[in-house]
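In: Sharing a model that was predicted from the sequence below.
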Amino acid sequence: MSNPVPINKKTISILGCGWFGLELAKKLVQKGHIVKGSSTTMEKLPLLATYHIRPFLVDIKKDTAHYDPDFFKTDLLFICIPPKRNTSEQSDFYSKIEQIVNAAIKNQIKQVLFISSTAVYGDTNEEVTELSIPQPETASGKAMLRTEQLLHDQKEFTSTIIRFAGLVGPQRHPGRFFAGKTHVPNGKAPINLIHLNDCVGLSMAILENENFGYTFNACAPDHPSKQVFYTLATINAQLSPPLFVDELLSWKKVSTVHSHLLNYNYLVSDWINWLKDEN
């Protein structure tokens, strides 16, 4: 069966076809778009081609860049590469993004969508929305915020920021996160998570509604406590349950004020019921 041709068929390049990027690329192909996908390793390119994604080797480092210029000949560019957790490599990440920005400008790309993280918000003991002032506490959160600012400063294209909460889904079952651990602090803190299916679904909603130029928090609206959710998740995975300290220290609850723009309903909006369905 041939793929349906969307009314507004686009060429879309996805820089980083990893855990999220590959699933997004597959969905875009299903919708009939022309999709270019990148990997830093030759070994992955045949996999991309299997899903009718046009494969490109794109290897951008701090001081060097190797890629086929055709990858950046596109209507939209998704940047789906996270910074390394290693603090010493945060400046390298910013340099990579600068090279990507230059390539986007050179090829007159009009729309750039950057996958960021809710790590740009610190644990401020309150609900945070896109209107909250980011106060990142981790090196990766600071790198993400700095990148967001770089993209927003560009006048040659429109930047859209999608801040993913903690990622859950295939190969990332939450039951493995704290299995067997003891004296885990902050047990009463609310969780902020999003399922892979909603990462893709929300991104598709932005594209289909053409809601470009905004910052979107991407986090399920359900926030059970860490001790309740992760204990059940570990039991669900048939692993040794963790032991949490029954306390509330620093926390945040990620919400959104821009959801009305998308009219998007989360596929996983009740984490306890989702765990039950996983059995």
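Out: Cool, the structure landed.

In: where's Pro224 relative to Thr74, distance?
Out: 40 Å (C-beta to C-beta, to the nearest Å). (Each C-beta comes from the backbone N, C-alpha and C, glycine too.)

In: neighbour count winner among these two?
Out: Thr74 (22 against 16; other C-beta atoms under 10 Å).

In: My guess is the more buried one contacts Ile12. True?
Out: Yes - contact criterion C-beta atoms under 8 Å: Thr74 and Ile12 qualify, at 6.3 Å.

In: Between the two, which contacts overlap?
Out: Lys36 (C-beta atoms under 8 Å, 6 or more residues apart in numbering).

In: Please spell out which residues along stretch 214-233 are buried.
Out: Across stretch 214-233, burial judged by 16 or more other C-beta atoms under 10 Å covers 215-220, 222-227, 229-233.

In: let me redo that: stretch 236-253
Out: Neighbour counts over stretch 236-253 (16+ other C-beta under 10 Å) mark 236-237, 241-242, 244, 251-253 as buried.

In: how far is it from where the chain is centred?
Out: 23 Å (C-alpha atoms, centre = their mean, to the nearest Å).

In: From the rest of the structure, what touches it?
Out: Everything outside stretch 236-253 that qualifies as a contact, by C-beta under 8 Å, 6+ apart, is 118, 121-128, 173, 175-176, 178-190, 192, 223, 226-227, 230-231, 234-235, 275, 278-279.

In: and that stretch, what's its mean pLDDT?
Out: For stretch 236-253, the mean pLDDT works out to 96.

In: what's the first-to-last distance across that stretch?
Out: With C-alpha to C-alpha, to the nearest Å as the measure, the first residue of stretch 236-253 is 24 Å from its last.

In: cool, and stretch 235-255?
Out: End-to-end distance of stretch 235-255 (C-alpha to C-alpha): 28 Å.

In: Tell me where this protein has strands.
Out: Applying DSSP state E to the chain gives strands spanning 11-15, 34-39, 54-57, 59-60, 65-66, 76-79, 111-117, 126-128, 158-164, 166-168, 193-195, 215-218, 252-254.

In: Take those and write them to CSV, including distance to Pro136.
Out: Converted to CSV, the strands of the chain look like this (distance: least, C-beta to C-beta, whole Å):
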stretch, distance to Pro136
strand 11-15, 22
strand 34-39, 27
strand 54-57, 31
strand 59-60, 23
strand 65-66, 27
strand 76-79, 18
strand 111-117, 9
strand 126-128, 12
strand 158-164, 11
strand 166-168, 15
strand 193-195, 18
strand 215-218, 14
strand 252-254, 12
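
In: Those: lowest mean pLDDT?
Out: Mean pLDDT is lowest for strand 65-66 out of these, coming in at a mean of 86.

In: any residues touching that one, and which ones?
Out: Counting by C-beta under 8 Å, 6+ apart, 57-60, 99, 103 sit against strand 65-66.

In: Sort out which one of the buried residues of stretch 236-253 lies nearest Leu151 for me.
Out: Checking the buried residues of stretch 236-253 against Leu151 by C-beta to C-beta gives Lys252 as the nearest, at 23.3 Å.

In: ok, now how distant is the closest one from Ile115?
Out: Going from Lys252 to Ile115 by C-beta to C-beta gives 19 Å.

In: And the helices in the stretch 51-200 of the chain, which stretches?
Out: 90-106, 139-152, 196-209 (DSSP state H, counting those that start in this stretch).

In: Now do the longest one, average pLDDT.
Out: I take that to be helix 90-106. So the average pLDDT for helix 90-106 ends up being 91.

In: Other residues contacting that helix?
Out: Contacts of helix 90-106 (C-beta under 8 Å, 6+ apart): 15, 60-63, 65, 67, 69, 72, 77, 79, 81, 83-84, 112, 139-140, 142-143, 146-147, 150-151, 154, 156-157.

In: Which positions within it qualify as buried?
Out: Buried residues in helix 90-106, defined by neighbour count with 16+ other C-beta under 10 Å: 90, 92-93, 96-97, 99-101, 103-104.

In: now the last one
Out: Neighbour counts over helix 196-209 (16+ other C-beta under 10 Å) mark 196-207 as buried.

In: and if you look at stretch 37-46?
Out: Within stretch 37-46, the residues scored as buried using 16+ other C-beta under 10 Å are 37-39, 44-45.

In: gap between the two ends of stretch 256-267?
Out: Using C-alpha to C-alpha, the end-to-end distance of stretch 256-267 comes to 16 Å.
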